[in-house]
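Chemist: I'll drop the sequence and a predicted model, then ask my questions.
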Amino acid sequence: MTQPLSAFQHLPASLFTAAAVRELDQRALTDEQIPAFELMSRAGQAAFGCLLQRWPTAQFLTVLAGPGNNGGDAYVVAALAAIHGLDVNFYTLGDHGQLSEASTRAREMALAAGVEVKPWAGVLERDSDLLVDGLLGTGLNKAPAGELAELIEQINSHPAPVLALDIPTGLHADTGCALEPAVRADLTVTFVAMKQGLLTADGPDYCGDIAYACLDIRPAVLKSMAADVERIGYQVLAERHEGLAARRGNVHKGRYGHVLVVGGDEGMGGAAAMACEAAARSGSGLVSCATRGSHAQAILMRRPEVMVKPVVSGLELLPLLERASVLAVGPGLGQGSWGELLLQQVLQSDLPVVLDADALNLLASPGWRQAFGERQVIMTPHPGEAARLLDVDIRTVQNDRFAAARDLASRYSAVVVLKGCGSLIAHPDGRVALCSDGNAGMASGGMGDVLTGVLAALLAQGMDAWQAARWGVCLHSAAADRAAHENGLCGLLATDLMPWLRRLNNYITH
Ligand SMILES: NC(=O)C1=CN([C@@H]2O[C@H](COP(=O)(O)OP(=O)(O)OC[C@H]3O[C@@H](n4cnc5c(N)ncnc54)[C@H](OP(=O)(O)O)[C@@H]3O)[C@@H](O)[C@H]2O)[C@@H](O)CC1
Ligand SMILES: Nc1ncnc2c1ncn2[C@@H]1O[C@H](COP(=O)(O)OP(=O)(O)O)[C@@H](O)[C@H]1O
Ligand SMILES: [K+]
């Protein structure tokens, strides 16, 4: 369902936890004097507007309402639909005898519009042409079970599309984890502020498209709260010129740094080769590669611009370290003694470094753990590597990617890129950015090696670790979106990104 064209680039940059959104609701109530029912009415109107726009011919709606305020929104949608002349099946789940004051008024509005309100009796009619999920919103506090789980299963196997109010039921607003079973929506209309879980982990798959409705709360109120997470994407950063500055004329290659890629043990030479090519295509003045002798010729054949140096020991790395300005260590490094010796040498240098793949796996071993202090370091774990570094299982990382990224950045005193759907970039000071570009075609071997090369090239051109990670992750993801645009996600190769990296890094977007 995720679209490969930076599908979420129109969304606001500030992302919030559910608790922060509740606080914003409260501020709208106290500072703006917007009563809860008024806000709920606006939510229902916004959702109904999106419904008409997306499904203008829908005639038979089934609206599902839970016991909280998400159900209140559903009552408003049903009322508006009935007034509009649509046929509405309205089912409640849970105890609707204890509704909030706002939801009670919404219910009265629906009844007055002629909506027949019935408790769900176990069967979802097949003839509806649109389902509206107002079961649970940000109040979700455990995995759906029993009758609710049964209804969600029926929603997901129903042929009609699904509109989710605020957030698909079962998706955790703070983590983006689907607490199965969870509703798989085609469109989610989210209210007041963007929840951080909509754009990472399971979020994009379960939300489908996302529309944001601020409910006419004044921007000043929204700005009165610091965002928990900043959404970034290529377009946003390019508009703010957060990428590379334009090159001046009177320059030479020494100005743009010298990336040394260290990796490529036997059988994994391609990883080092791709990191080298990505570094060169992302503008590093010079690129060297310390690798196994068996790969030297192949790397040279592919990219004669790269200076390939076969190394067998850490000592042979020393003269290369003296000439380099930035290191990219890990692609195909392996976890054998060859990789260990090279990594040991790299850790003794104070050059800016990108640590990826097996460099991270080695760092996770007992005796290797360390904090990097002032050194400019970017670590780029995928969830498996992050789990090893944190000594937890992968599920724990994915259950709260924000916490895992923050924890790693603070433990290692490094900028951390936690890769995967909705890559997170965490600073040791607690800041987190989420890249909403990228696509599932990137789940293919070598994509991470390319990212490593990109990040190293940006460090080599003078960015600090935080700037390089922000721009580099967006550049890499947007390049993958462009590369996937014509021929689709399946079969996208890491090397397909190369021409796009060059174009987008130079701000050529067409
Ligand atoms: N505030 C505002 O001004 C605005 C808010 N708006 C709307 O309000 C929504 C938030 O409303 P909300 O806080 O009432 O939470 P909501 O998600 O409806 O459900 C809470 C109920 O569900 C229950 N429950 C939880 N998990 C469960 C589970 N797994 N299985 C079964 N039950 C479960 C929980 O029961 P409990 O466990 O606490 O007994 C409680 O009764 C928000 O998403 C947006 O749509 C908009 O109108 C804009 C203005
Ligand atoms: N489903 C996805 N959506 C968005 N980006 C993805 C997805 N899957 C993988 N990626 C991106 O692709 C890259 C894969 O990196 P990694 O797992 O290290 O691959 P490899 O080890 O094969 O080089 C990362 O940048 C990651 O964020
Ligand atoms: K919902």
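Modeler: Nice, I can see it. Ligands and ions are numbered 1, 2, ... in the order given.
Chemist: And the residue nearest to residue 410 when sequence neighbours are not counted, how close does it get to ligand 2?
Modeler: For residue 410, the nearest residue in space outside its immediate sequence neighbours is residue 428; the separation is 5.4 Å by C-beta to C-beta, 6 or more residues apart in numbering. Placement of C-beta: from N, CA and C, glycine included. For residue 428, the distance to ligand 2 equals 20 Å [C-beta to the nearest ligand atom, to the nearest Å].
Chemist: Give the full set of residues in contact with residue 428.
Modeler: Listed by C-beta atoms under 8 Å, 6 or more residues apart in numbering, the contact set of residue 428 reads 409, 410, 412, 413, 414, 415.
Chemist: Going along the chain, name the helices of the stretch 1-150 of the chain.
Modeler: If DSSP state H, counting those that start in this stretch is used as the criterion, the helices of the stretch 1-150 of the chain fall at 18-30, 36-54, 69-83, 101-112, 146-157.
Chemist: and the stretch 151-300 of the chain, which of its residues are near ligand 1?
Modeler: By the criterion of C-beta under 6 Å from any ligand atom, the positions of the stretch 151-300 of the chain lying close to ligand 1 are 165, 166, 191, 192.
Chemist: Chain neighbours aside, what residue packs nearest to the third one?
Modeler: Right, residue 191. That would be residue 43: by C-beta to C-beta, 6+ apart, it lies 4.6 Å from residue 191.
Chemist: cool, and the second one?
Modeler: If you skip the residues right next to it in sequence, residue 166 has residue 137 as its closest partner in space, 4.1 Å away by C-beta to C-beta, 6+ apart.
Chemist: How about stretch 99-108, which residues are buried there?
Modeler: Applying a neighbour-count criterion of 16 or more other C-beta atoms under 10 Å, the buried positions in stretch 99-108 are 99, 100, 102, 103, 105, 106, 107.
Chemist: Pick out whichever of the residues you listed sits closest to residue 240.
Modeler: Within the buried residues of stretch 99-108, the smallest distance to residue 240 is 38.7 Å, found for residue 102 (C-beta to C-beta).
Chemist: is it true that that closest one touches residue 72?
Modeler: Yes: taking C-beta atoms under 8 Å as the definition, residue 102 is a contact partner of residue 72 at 5.4 Å.
Chemist: just to revisit the earlier point, between the contacts of residue 428, which has the most around it?
Modeler: Compared across those, residue 415 has the highest neighbour count, 28 neighbours, by other C-beta atoms under 10 Å.
Chemist: burial measure for the residue nearest to that residue when sequence neighbours are not counted, as a count.
Modeler: If the residues on either side of it in the chain are set aside, residue 415 comes closest to residue 465, at 4.1 Å by C-beta to C-beta, 6+ apart. Burial measure for residue 465: 25 neighbouring residues, criterion other C-beta under 10 Å.
Chemist: so what does the longest helix seen in the chain touch, helix or strand wise?
Modeler: For the chain, the longest helix by residue count, based on DSSP state H, is helix 465-487. Contact here means 3 or more C-beta pairs under 8 Å, 6 or more residues apart in numbering; DSSP states H and E; on that basis helix 465-487 packs against helix 234-239, strand 377-379, strand 415-418, strand 424-426, strand 432-435, helix 447-460, helix 498-505.
Chemist: So for the last one, mean pLDDT?
Modeler: Meaning helix 498-505. Over the span of helix 498-505, the pLDDT mean works out to 98.
Chemist: ok, residues contacting that helix?
Modeler: Surrounding helix 498-505, the residues in contact under the criterion C-beta under 8 Å, 6+ apart are 234, 238, 243-244, 277-278, 281-283, 450, 454, 475-476, 478-480, 482-483, 509.
Chemist: can you check the second one too?
Modeler: Outside strand 377-379, the residues that touch it by C-beta under 8 Å, 6+ apart are 352-356, 360, 389, 408, 412-417, 455, 459, 465, 468-469.
Chemist: any low-confidence regions in this structure?
Modeler: Scanning the chain with the threshold set as pLDDT under 70 gives 1-7.
Chemist: per-domain residue ranges of it.
Modeler: With automatic domain parsing serving as the domain definition, the record reports that the chain contains domains spanning 14-227, 255-505.
Chemist: Need the phi and psi values for the residue of the stretch 351-500 of the chain found nearest ligand 3.
Modeler: Nearest residue of the stretch 351-500 of the chain to ligand 3: residue 422, at 19.8 Å (C-beta to the ion). Dihedral angles phi and psi of residue 422 (degrees, to the nearest 10) take the values phi 70, psi 70.
Chemist: So it is in contact with residue 175, correct?
Modeler: No: between residue 422 and residue 175 no contact is recorded; they are 10.9 Å apart, counting by C-beta under 8 Å.
Chemist: out of the two, which sits in the more crowded spot?
Modeler: For residue 422 against residue 175, the residue with the higher neighbour count under other C-beta under 10 Å is residue 422, and the figures read 28 against 21.
Chemist: What is the burial count for residue 156?
Modeler: Counted with other C-beta under 10 Å, the burial measure for residue 156 works out to 16 neighbours.
Chemist: er, residue 238 I mean
Modeler: Other residues within reach of residue 238, judged by other C-beta under 10 Å, total 18.
Chemist: pretty sure it contacts residue 506?
Modeler: No: with contact defined as C-beta under 8 Å, residue 238 and residue 506 do not form a contacting pair (10.4 Å).
Chemist: now the strands for the stretch 201-350 of the chain?
Modeler: Per DSSP state E, counting those that start in this stretch, the stretch 201-350 of the chain carries strands over the ranges 209-213, 229-232, 258-262, 286-291, 307-310, 326-329.
Chemist: list the helices and strands the second one packs on?
Modeler: Using 3+ C-beta pairs under 8 Å, 6+ apart as the contact test, the elements touching strand 229-232 are strand 14-16, strand 432-435.
Chemist: Reformat those as JSON lines; add distance to residue 225 and mean neighbour count.
Modeler: Formatted as JSON lines, the entries for the helices and strands packed on strand 229-232 read as follows, by distance: least, C-beta to C-beta, whole Å; neighbours: other C-beta atoms under 10 Å:
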{"stretch": "strand 14-16", "distance to residue 225": "7", "mean neighbour count": "23"}
{"stretch": "strand 432-435", "distance to residue 225": "16", "mean neighbour count": "26"}
